[in-house]
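1. Got a predicted structure here, sequence first:
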Amino acid sequence: MRNTRADGTDFWSARDLQQLLGYERWERFETAVERAIAACENSGHEPKDHFRGAAKKVSLGSGATRAVIDWHLSRYAAYLVAMNGDPRKAEIAAAQTYFAVKTREAEIAAMKTASPAKPTFAQALRGWADEVEAREAAEARVAELAPRAEIADQYEENPGPTLTQLHKAYFPTVRARDFFEHLYQRRYLIDQRGTRWSETRQEWRDGHEHGHPTAKGKRFFYLASRLDPNGVRRYQARVIPGDAEHQLVAALHRDGLTPRVPSGPAELT
């Protein structure tokens, strides 16, 4: 599946890896890609060096084709995608095992090159224990993030208002800054303002889960996906339409915010 550019460098298509790693839907596979990009940045590497946005032509079955979003991945990026995938999938588990074995083989080869002494049993055992711990951490991340796509699918036809729309419709007399500060202070939303240091940009940035629903907020909010102008999928909190929306307004009223009843559904659009 390796591709080679004109300059001789290799890359792998994310669309090709999607099928190989057992993902039927691109939206869910792209979640693994986004986690891999975050891991790349947090490790001090420049994501643009390993994840390049691209387009790929796919057949529509009638001889026609259309362009879809793709990523051109370096070998390191492909490794990160596999390690951030859903380990419940047999294909992901096989890929993670493959990379773990290859990593261990490379470590042993480096040790042999650096010194004729063989690794001790304790060193080898520690190496495999580290791999198990990393696998368990990956499984915990998937257990937390995997339901995101399924929840968003439920509200595809009626996505519910954004938080800005909710504020304008129900609490127009409250300053927007105070409204959002209330959501953070009352633990409806995760507050990660300025908690992540970016080595590449040399600045403090918001954490990856900033603005996502807390355990308390999941009664009222869900994460909706969208593509930004660069074709990267982003997630924003939206209000669950229906009863949850009205319950949220009532809860915020009990907290001390003064609402007004909107004149009609048009105010939420």
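-> Happy to help now that I have it.

2. Against residue 48, how distant is residue 112?
-> 35 Å (C-beta to C-beta, to the nearest Å). All C-beta spots, glycine's among them, are computed from the backbone N, C-alpha and C.

3. can you check residue 249 too?
-> Applying C-beta to C-beta to residue 249 and residue 48 gives a distance of 42 Å.

4. helix/strand/coil for residue 236?
-> Following DSSP: H, G, I helix; E, B strand; the rest coil, we place residue 236 in the strand state.

5. give me phi/psi at the nearest residue to it once chain neighbours are set aside?
-> Among residues not flanking residue 236 along the chain, residue 224 sits closest, at 5.9 Å (C-beta to C-beta, 6 or more residues apart in numbering). Per-residue torsions, residue 224: phi -100, psi 140 (degrees, to the nearest 10).

6. which residues of the stretch 101-250 of the chain score low on pLDDT?
-> Across the stretch 101-250 of the chain, residues meeting the criterion (pLDDT under 70) sit at 113-156, 227-233.

7. Do you have the strands of it handy? List them.
-> 196-198, 203-205, 221-227, 233-239 (DSSP state E, counting those that start in this stretch).

8. mind checking which of those strands is nearest residue 72?
-> With C-beta to C-beta as the criterion, residue 72 lies closest to strand 233-239 of those, at 16.4 Å.

9. quick one, helices of the chain?
-> 14-20, 26-42, 75-83, 90-114, 121-145, 147-154, 163-170, 176-185, 243-255 (DSSP state H).

10. Residue 249 and residue 48: which is more packed in?
-> Neighbours of residue 249 and residue 48, each counted by other C-beta atoms under 10 Å, are more numerous for residue 249; the result is 21 against 12.

11. so that one makes contact with residue 170?
-> Yes. When contacts are counted by C-beta atoms under 8 Å, residue 249 is listed as touching residue 170 (5.2 Å).

12. any common contacting residues for these two?
-> residue 259 (C-beta atoms under 8 Å, 6 or more residues apart in numbering).

13. on that earlier part again, wait, which of the strands of the stretch 101-250 of the chain is closest to residue 175?
-> Comparing those by C-beta to C-beta, strand 233-239 comes nearest, at 19.3 Å.
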